[in-house]
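K.L.:
Okay, here's the prediction I keep looking at, along with the sequence it came from:
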Amino acid sequence: MSYSERRKSLRWIVIALLLLLVAVPIVGVNWMLAVPGESYSGPLPEPDAALAGQLRADVTAIASEPHNVAHPHALERAAQLIETKLVAAGHAVRRQTFEAGGVTVRNIEAVIEPADPHAHTLVIGAHYDSAGNAPGANDNGSGTAVLLALARNLSDLRGKAAMRIRLVFFVNEEPPWFKTTEMGSLVYAKALAAGDEPVAAMFSLETMGYYSDAPGSQKYPAPLSYFYPDTGDFIAFVGTWGSRPLVREAVGRFREHATIPSVGGSTPGFLQGIDWSDHWAFEQAGYPGVMITDTAPFRYPWYHDARDLPDKVDYRRLALVTAGLEAMVRGWGQPVDK
């Protein structure tokens with residue numbers, strides 16, 4: 001081979017390597033962020049007024065003052081309110097108590113038993129504690145209120161559901177308990193694993209109630225800003241790589257019914273914010289988990305702030321999200337329509 005031919009061959013090798021270096025990240029990102037279905041893009045319909053009103057009432061009742069281990073009386077009041085509302089919806093309340101910082105705290109559970117007692121389990125959870133001195137209306141009164149709405153609306157599935165549905169209100173998601181042995185969801189998930197519970201999916205309802213139609217209202221950890229919209233008008237389904245199949249199925253099923261925009265994706269767990277909720281605890285126990293969120297600090301101006309009050313929550317859009325989730329859960333465990 002002549003010198004000129006060697007140079008030409010080398011040039012093509014370099015070009016091929018450069019193309020490969022560009023193509024591999026693009027393919028990888030598409031693999032992470034690709035989800036089925038089409039996000040809703042039409043005018044937002046009017047939600048069910050009664051549902052929106054109930055969400056507002058529940059957020060206001062539970063999250064008008066700081067409630068956590070540092071504010072134990074308010075935390076107990078929030079727990080009792082949740083239990084009262086579950087009983088009113090016809091559920092038997094189960095408590096999982098433990099000690100944290102010298103205070104007795106508890107996870108609160110209602111279970112919708114399936115038609116088949118050997119069916120797999122679907123866990124839907126939301127933490128009901130707030131951060132520091134924040135009242136926690138959006139973080140996480142919004143998720144708590146949605147879970148209460150699901151508890152009311154899905155109670156007719158008792159003895160009929162395709163899966164066992166565990167509705168769990170977790171304590172101690174916020175610092176200083178996050179990712180510690182006293183994190184409520186980790187205590188709960190470890191107990192399920194110890195009992196060999198066949199959990200097929202876990203959904204964490206996390207900070208769900210703030211939306212904006214203003215361009216630039218949505219931020220992301222790098223490099224996601226290159227792939228997602230910059231307007232914070234959607235609900236997001238996110239998880240780590242290990243939960244990618246669950247993320248895809250959840251988004252696909254949600255989009256079959258939802259009348260609000262949605263995005264979804266799975267990324268490495270080290271990406272900022274991806275594991276910032278109770279789904280992290282379930283992944284530690286070997287179960288797939290997905291966070292359903294308005295993206296919290298990447299959109300919400302009053303994250304972990306004393307101004308996180310009930311008037312900051314968009315109950316109209318939160319009701320649309322709730323309706324979409326209810327339809328999604330009703331179909332869970334059933335074959336996907338092709």
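P.N.:
Structure's in. What do you need? In this text the structure is predicted, and so the values were computed from the model without any measurement.

K.L.:
wait, what's in contact with the closest residue to residue 243 other than its chain neighbours?
P.N.:
With sequence-adjacent residues excluded and distances taken as Cβ to Cβ, 6 or more residues apart in numbering, residue 243 is closest to residue 288, at 4.2 Å. (Glycine included, C-beta is placed from N, CA and C.) Contacts for residue 288 (Cβ atoms under 8 Å, 6 or more residues apart in numbering) come out as 200, 201, 202, 239, 242, 243, 245, 246, 282.

K.L.:
Repeat the analysis, applying 10 Å as the threshold.
P.N.:
199-202, 239-240, 242-247, 249-250, 279, 282 (Cβ atoms under 10 Å, 6 or more residues apart in numbering).

K.L.:
swap in residue 95?
P.N.:
Neighbour list for residue 95: 79, 83, 106, 107, 108, 109 [criterion: Cβ under 10 Å, 6+ apart].

K.L.:
Please, where are all the helices along the stretch 201-338 of the chain?
P.N.:
If DSSP state H, counting those that start in this stretch is used as the criterion, the helices of the stretch 201-338 of the chain fall at 244-255, 279-284, 315-330.

K.L.:
Just tell me which of those ends up closest to residue 144.
P.N.:
helix 315-330 (11.6 Å; Cβ to Cβ).

K.L.:
May I see the buried residues of that closest one?
P.N.:
By neighbour count on 16 or more other Cβ atoms under 10 Å, the buried set for helix 315-330 is 315-326, 328-330.

K.L.:
Flag the shaky bits of the stretch 201-338 of the chain, pLDDT-wise.
P.N.:
Low-confidence segments of the stretch 201-338 of the chain, defined by pLDDT under 70: 333-338.

K.L.:
Any chance of the helices of the stretch 201-338 of the chain in a markdown table with distance to residue 129 as columns?
P.N.:
Supplementary listing: the helices of the stretch 201-338 of the chain in a markdown table, determined by distance: least, Cβ to Cβ, whole Å:
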| stretch | distance to residue 129 |
| --- | --- |
| helix 244-255 | 25 |
| helix 279-284 | 14 |
| helix 315-330 | 20 |
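
K.L.:
what's the domain layout of this structure?
P.N.:
Split into domains by automatic domain parsing, the chain comes to 1-33, 37-330.

K.L.:
okay, now residue 125: neighbour count?
P.N.:
Neighbourhood size, residue 125 [other Cβ atoms under 10 Å]: 31.

K.L.:
Which residues does it form beta bridges with?
P.N.:
Counting by DSSP bridges, residue 125 is bridged to residue 168, residue 204.

K.L.:
how far away is it from residue 312?
P.N.:
Using Cβ to Cβ, to the nearest Å, we find residue 125 at a distance of 23 Å from residue 312.

K.L.:
any idea how far the closest residue to residue 295 other than its chain neighbours is from residue 184?
P.N.:
Nearest non-adjacent residue to residue 295, counting by Cβ to Cβ, 6+ apart: residue 236, 5.5 Å away. Residue 236 sits at a distance of 23 Å from residue 184 (criterion: Cβ to Cβ).

K.L.:
next one: residue 148
P.N.:
According to Cβ to Cβ, residue 148 and residue 184 sit 17 Å apart.

K.L.:
Over to residue 64?
P.N.:
21 Å.

K.L.:
Look at these two and report which has more neighbours.
P.N.:
Counted by other Cβ under 10 Å, residue 64 and residue 184 do not tie: residue 184 has more neighbours, with 27 against 16.

K.L.:
Are we agreed that residue 166 is in a helix?
P.N.:
No. According to DSSP: H, G, I helix; E, B strand; the rest coil, residue 166 belongs to no helix; its state is strand.

K.L.:
per-residue confidence at it?
P.N.:
Looking at residue 166, its pLDDT reads 98.

K.L.:
what about it, how many neighbours?
P.N.:
21.

K.L.:
show me what contacts it?
P.N.:
94, 109-113, 121-125, 188, 192, 197, 199, 202.

K.L.:
which residue ranges form the strands in the stretch 51-200 of the chain?
P.N.:
Remark: strands assigned in the stretch 51-200 of the chain by DSSP state E, counting those that start in this stretch are 94-100, 103-112, 121-127, 164-170, 199-206.

K.L.:
what pairs with the longest one, and is each one parallel or antiparallel?
P.N.:
Strand partners for strand 103-112, identified by DSSP bridges, are recorded as strand 94-100 (antiparallel), strand 164-170 (antiparallel).

K.L.:
List the buried residues for it?
P.N.:
Taking 16+ other Cβ under 10 Å as the criterion, strand 103-112 shows 105, 106, 107, 108, 109, 110, 111, 112 as buried.

K.L.:
Give the closest residue to the fifth one in space, chain neighbours not counted.
P.N.:
Distances taken as Cβ to Cβ, 6+ apart place residue 94 nearest to residue 109, at 4.3 Å, with adjacent residues excluded.
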